[in-house]
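Participant: I would like the atomic coordinates for the input below:
(chains A, B, C and D)
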Protein chains: 4
Amino acid sequence: MSDLKKIVEAILEFRNERDWEQFHNPKDLALAINVEAAELLELFLWKNPENVNIDRVKEELADVFTYSILLAEKYGFDIAEIVFEKLKKNAEKYPVDKSKGNAKKYNEF
Amino acid sequence: MSDLKKIVEAILEFRNERDWEQFHNPKDLALAINVEAAELLELFLWKNPENVNIDRVKEELADVFTYSILLAEKYGFDIAEIVFEKLKKNAEKYPVDKSKGNAKKYNEF
Amino acid sequence: MSDLKKIVEAILEFRNERDWEQFHNPKDLALAINVEAAELLELFLWKNPENVNIDRVKEELADVFTYSILLAEKYGFDIAEIVFEKLKKNAEKYPVDKSKGNAKKYNEF
Amino acid sequence: MSDLKKIVEAILEFRNERDWEQFHNPKDLALAINVEAAELLELFLWKNPENVNIDRVKEELADVFTYSILLAEKYGFDIAEIVFEKLKKNAEKYPVDKSKGNAKKYNEF
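Facilitator: As a prediction, this is how the structure comes out:
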């Protein structure tokens, strides 16, 4: 089994043991991703990155992955596929010659 | 190569071709995750989940994965490992007998 | 009329002319606040504060205020009152002698 | 003194007693607004609006106002002015005849 598939299965097993799929509609999953992303962000608040609690970063980032995977699963998305497709789109929006070495948004070129 | 590793490599190649690692300090990556998570959330705003543009969900969710992977890479986290560790912690905070079929937070049991 | 009341009235008039109250349930208003807060955050992404577009900050911050006011209005909150009450609570969580000159969270004292 | 001014003064007094202005650069204030907005959002997670803890909504919404006011103060924005200006802009983006009774985004008309 692929390693990504193993993660997905572990998350689904965790969810199903608790009978939580009933709460996991896509809108609330998108909310949950935002809540976890902000808990991750809070670890950096008022701080330089070098003073951040890395063990807490691990945990909050893991939560972002978990809810993102649950939302992907809800829609039947193949995670590898949607990431590759988006990279392809981004490569068009951010051609190497225009974006190399600068952080401008594509609509600011 | 594992499928997760393939995704990570494609993202890093995209980043390196554009010489963007210089901008990707952990704090700004945490910001980027929040920005993308909110773009995902906006797709659900004022809507029932069934009216959401699923192609746009794919794209925004892919962006959340991409920046989450970049942050994990920055710290050298093994994504499978941090997710499994967090699931284990969550299993302690949310024992099946207390959490089955309800969405209460662990501090509300 | 107080200046805060004038802002609230202008926002409600804008909403009512467009018949938008029907979409403004508290949950979606909380989503909207997050979406606007993240648009504000995006202006700072990959940047030092001095390179930020201040006119855009004005606009996105105004949007955060607008949806926050709409949510307060939805619940009939008096904005001055809830802010004063929270400051009082925070003064207990963050006594001057423990918090002066440091940015620790109250649970880290 | 106007009521908005009274709120601003109380918040600044709270900040200055704790000598916290040193942490309140605009970028971190924008982060703080996002963190508080997400704490507000979490109150609605997995729930219908009618099951939400309204006292907690008061508190988290007050925090969003507080950091938004601190950011406005940082840039010397007049809150009433930026809200009125944005409403004017929004009135152009969302003319009554096109937006009445629907929640479409201006780029979807």
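
Participant: please see if stretch A:62-73 touches chain B.
Facilitator: Yes: residues of stretch A:62-73 contacting chain B under CB under 8 Å from any CB of the partner chain: A:62-66, A:68, A:71-72. Where C-beta positions appear, they are placed from N, C-alpha and C, glycine not excepted.

Participant: and of those residues, the nearest to chain C?
Facilitator: Chain C has its nearest neighbour among the residues of stretch A:62-73 next to chain B in A:Val64, at 14.3 Å by CB to the nearest CB.

Participant: I figured the closest one hits B:Ser68, correct?
Facilitator: Yes: using CB atoms under 8 Å, A:Val64 is in contact with B:Ser68, at 5.3 Å.

Participant: what do those two both touch?
Facilitator: Here A:Val64 and B:Ser68 share the contacting residues B:Ile33, scored by CB atoms under 8 Å, 6 or more residues apart in numbering or on different chains.

Participant: looking at these two, which has the bigger crowd around it?
Facilitator: Per other CB atoms under 10 Å in any protein chain shown, whichever of A:Val64 and B:Ser68 has more neighbours is A:Val64, with 29 against 25.

Participant: in space, what's closest to that one - neighbours in sequence excluded?
Facilitator: In this structure, A:Val64 finds its nearest non-sequential neighbour in A:Glu36, 4.8 Å apart by CB to CB, 6 or more residues apart in numbering or on different chains.

Participant: one step back: give the ChimeraX command for selecting the buried subset of the residues of stretch A:62-73 next to chain B.
Facilitator: The ChimeraX selection below is limited to those of those classed as buried (16 or more other CB atoms under 10 Å in any protein chain shown):
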select /A:62,63,64,65,66,68,71,72
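
Participant: taking the residues of stretch A:62-73 next to chain B one by one, which sit in strands?
Facilitator: Taking DSSP state E, every one of those sits outside strands.

Participant: rewinding a little: for the strand or helix carrying the residue nearest to A:Val64, name the packing helices and strands.
Facilitator: Using DSSP states H and E, A:Glu36 falls within helix A:26-42. Applying 3 or more CB pairs under 8 Å, 6 or more residues apart in numbering or on different chains; DSSP states H and E, one finds that helix A:26-42 contacts helix A:54-75, helix B:26-42, helix B:54-75, helix D:26-42.

Participant: related to what we said a few turns ago, can I get the residues of stretch A:62-73 next to chain B in JSON lines including distance to D:Ala10 and pLDDT?
Facilitator: Compiled in JSON lines, these are given as follows (distance: CB to CB, whole Å; pLDDT from 0 to 100):
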{"residue": "A:Ala62", "distance to D:Ala10": "39", "pLDDT": "98"}
{"residue": "A:Asp63", "distance to D:Ala10": "35", "pLDDT": "98"}
{"residue": "A:Val64", "distance to D:Ala10": "36", "pLDDT": "98"}
{"residue": "A:Phe65", "distance to D:Ala10": "41", "pLDDT": "98"}
{"residue": "A:Thr66", "distance to D:Ala10": "40", "pLDDT": "98"}
{"residue": "A:Ser68", "distance to D:Ala10": "40", "pLDDT": "98"}
{"residue": "A:Leu71", "distance to D:Ala10": "41", "pLDDT": "98"}
{"residue": "A:Ala72", "distance to D:Ala10": "45", "pLDDT": "98"}
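
Participant: B:Glu81: which of the helices and strands packed on helix A:26-42 is closest?
Facilitator: Of all the helices and strands packed on helix A:26-42, the one in closest proximity to B:Glu81, counting by CB to CB, is helix A:54-75 (8.8 Å).

Participant: which other residues reach the helix or strand following that closest one?
Facilitator: Note on helix A:54-75: by DSSP H and E, the next helix or strand toward the C-terminus is helix A:79-93. Identification of contacts with helix A:79-93 by CB under 8 Å, 6+ apart yields A:4, A:8, A:69, A:72, A:106, B:3, B:6-7, B:10-11, B:14, B:58-59, B:61-63, B:65-66.

Participant: swap in 7 Å and give it another go.
Facilitator: By CB atoms under 7 Å, 6 or more residues apart in numbering or on different chains, the residues outside helix A:79-93 that reach it are A:4, A:72, A:106, B:3, B:6-7, B:10-11, B:14, B:58-59, B:61-63, B:65-66.

Participant: go through it and flag the buried ones.
Facilitator: The neighbour-count check on helix A:79-93 (16+ other CB under 10 Å) flags A:79-80, A:82-83, A:86-87, A:90 as buried.

Participant: pLDDT (mean, whole number) over that helix?
Facilitator: If you average the pLDDT over helix A:79-93, you get 96.

Participant: how about the helix or strand following it: buried residues?
Facilitator: With elements assigned by DSSP H and E, the helix or strand that comes after helix A:79-93 is helix A:96-99. For helix A:96-99, the neighbour count (16+ other CB under 10 Å) marks A:Ser99 as buried.

Participant: does chain B have contacts with helix A:96-99?
Facilitator: Yes: Helix A:96-99 comes into contact with chain B (CB under 7 Å from any CB of the partner chain), by way of A:96, A:99.

Participant: what about the residue nearest to A:Val64, how many neighbours?
Facilitator: Neighbour number of A:Glu36 under other CB under 10 Å is 25.

Participant: who are the contact partners of it?
Facilitator: A:Glu36 touches A:60, A:63-64, A:67, counting by CB under 7 Å, 6+ apart.

Participant: and A:Trp20, by the same measure?
Facilitator: A:Trp20 touches B:Ala103, counting by CB under 7 Å, 6+ apart.
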